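1. Could you work out the structure for the sequence below:
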Amino acid sequence: MDNAPAPSVTDTMIRSIPISQIQPSPYQTRKYFDEDQLQLLALTMKDTGLEQPITVRAVASTEDSGLSSGSALSPQSWELVSGERRLRAAKLLGWTTIEAIVRPGVSDQESATRGLIENLQREDLNPIEEAQGYAKLQGMDSKKWTQQEIAKIAGKQRTYVTEALSLLKLPEEVHKFVERSTISPGHAGELLRLTTPEQQKEMAQKVVKEGWSVKETEKRVNLALGKPPKTGSGKGSSHAPSFAGSPPPQPTLPDPLAEVWPPILSDPSIGPAGSWGISYKGGDTWAFWSKAPSPYSQGALAVWFQKMADALKSPSSS
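-> Okay, here's the model as predicted:
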C-alpha cells in the first residue's frame with residue numbers, strides 16, 4: 001500500500017535494505033579480510049542466495065540527527081551489527097540490496113559484543129584484532145567486561161585473554177608483524193620482556209630477518225637483559241642442584257673446576273658414587289644431575305652446599 005506508515009525502529013523485522021544505506025560498525029574488530037575466502041563466499045551466495053541475513057540497528061543519520069527510537073527511519077540510518085563478510089561478498093556480486101534483521105534498541109555494548117562473538121565463531125581473528133576487540137569491550141564498561149566475562153563470551157580461558165591484551169603494549173610496528181603472522185604470539189610474549197619500544201622493534205626485526213624460533217628469541221632476550229642462559233630444565237640457579245633424572249651429555253667445554261669435583265663426587269656423605277654428577281656449561285654455570293629425585297637428607301645436602309661453596313672459592317677456580 002503506497003500510503004503505508006514507515007516501519008518503526010521499535011519493531012524487530014527482516015527487511016530488504018539498500019546496501020548503500022548501511023554504515024560499517026565502529027566496533028568491528030577485524031581489519032583484514034581474506035580476499036580468496038570472500039570470493040568463495042560470494043560464489044556460494046550467488047548459487048544458493050543469502051542463507052542467513054545480516055543484522056543491523058537503526059542509528060541517527062547525518063541528515064536527521066534528531067531521529068528518535070520510535071520515529072520513521074530516514075535514509076542512511078542503518079549500522080551493521082554483524083555479517084560484514086556477507087555484506088562484503090554481496091558487494092562483490094553487485095547486489096544493491098540485502099536481507100537484514102533489524103534489531104531495535106541495540107546498545108553500543110551489544111553491537112560490539114555481537115560482532116566480536118560472530119567473528120570468533122565464524123573465522124579466527126588475528127591475535128592483534130582479537131586483543132583489540134577485548135580492549136574495546138573493557139573500554140565501554142570495565143566493571144561489566146572483566147577479563148573473566150570476556151573469556152566466557154569468547155570461549156577462552158581468562159589467562160588467554162590476559163595474554164592477548166598484553167600484546168597491545170607492543171609498538172605498532174610489532175603489531176603488524178603479528179597481524180601478518182610474520183612472528184607468533186609466542187615471539188611477541190618474549191619481546192614484551194624487553195624494557196623499551198625501541199628494543200622491542202629492533203628485536204622483532206631480527207626475529208623476522210633471522211627466522212628465530214621462540215626458544216631462540218627467549219635466549220636473545222635474556223642476553224639483552226643481561227640474564228644468564230637457562231640450563232637443564234630452566235629451574236633453579238647455577239649454584240643449586242637440578243635433578244634431571246639422568247646424566248646429561250658429556251660436556252664439550254673444559255671445566256675450570258675439573259680438579260675440584262672428584263673428591264666431592266666420591267664423598268659418600270652426599271650420595272653413592274655415580275648417583276650424581278656435574279656438567280660445565282660455560283661462563284660460571286654448571287648443571288647438576290641425579291639418578292633419583294632427591295635421595296639425600298637435609299644434613300647431606302647441607303654438607304654438599306658447603307663443599308660446593310668451598311670449591312668455588314678455592315684458588316683453582318680463579
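
2. in the chain, which spans are helices?
-> Along the chain, the stretches classed as helices by DSSP state H are 35-48, 84-92, 108-122, 127-140, 147-154, 158-166, 172-179, 185-191, 197-210, 214-224, 261-265, 298-313.

3. Now tabulate those helices in TSV and tack on mean pLDDT, distance to I14 and mean neighbour count.
-> For the C-beta atoms, the positions are set from N, CA and C on the backbone; glycine is no exception. Putting the helices of the chain into TSV (pLDDT from 0 to 100; distance: least, Cβ to Cβ, whole Å; neighbours: other Cβ atoms under 10 Å) gives the following:
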stretch	mean pLDDT	distance to I14	mean neighbour count
helix 35-48	89	17	13
helix 84-92	93	14	19
helix 108-122	69	16	18
helix 127-140	84	27	20
helix 147-154	84	25	17
helix 158-166	91	34	17
helix 172-179	93	35	17
helix 185-191	93	39	21
helix 197-210	94	47	16
helix 214-224	92	48	16
helix 261-265	70	81	14
helix 298-313	56	75	14
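
4. And the ones you listed: which comes nearest P18?
-> helix 84-92 (11.3 Å; Cβ to Cβ).

5. Okay, domains of this protein per the record?
-> Structurally, the chain divides into domains by automatic domain parsing as follows: 13-125, 170-224, 237-318.

6. hmm, back to that, A58: which of the helices of the chain is closest?
-> Ranking these by proximity to A58 (Cβ to Cβ) places helix 108-122 first, at 11.5 Å.

7. and the closest one, what does it pack onto?
-> Using 3 or more Cβ pairs under 8 Å, 6 or more residues apart in numbering; DSSP states H and E as the contact definition, the elements that helix 108-122 packs against are strand 78-82, helix 127-140, helix 147-154.

8. Show the contacting residues for P171.
-> 197, 200-201 (Cβ atoms under 8 Å, 6 or more residues apart in numbering).

9. I meant I150, not that one.
-> By Cβ under 8 Å, 6+ apart, the residues touching I150 are 134, 137-138, 156, 161.

10. If we use 6 Å, what do you get?
-> Contact analysis of I150 by Cβ atoms under 6 Å, 6 or more residues apart in numbering lists 134, 137, 161.

11. Tell me how far the first one lies from R158.
-> Plainly put, Y134 is 11 Å away from R158 if you go by Cβ to Cβ, to the nearest Å.

12. And F33, by the same measure?
-> Spatial separation of F33 from R158 under the definition Cβ to Cβ is 29 Å.

13. Model confidence for S266, exactly?
-> With respect to pLDDT, S266 scores 68.

14. What score does the closest residue to P197 other than its chain neighbours have for pLDDT?
-> Leaving out its chain neighbours, the residue that sits closest to P197 by Cβ to Cβ, 6 or more residues apart in numbering is P171, at 4.5 Å. In the prediction, the pLDDT value recorded for P171 is 95.
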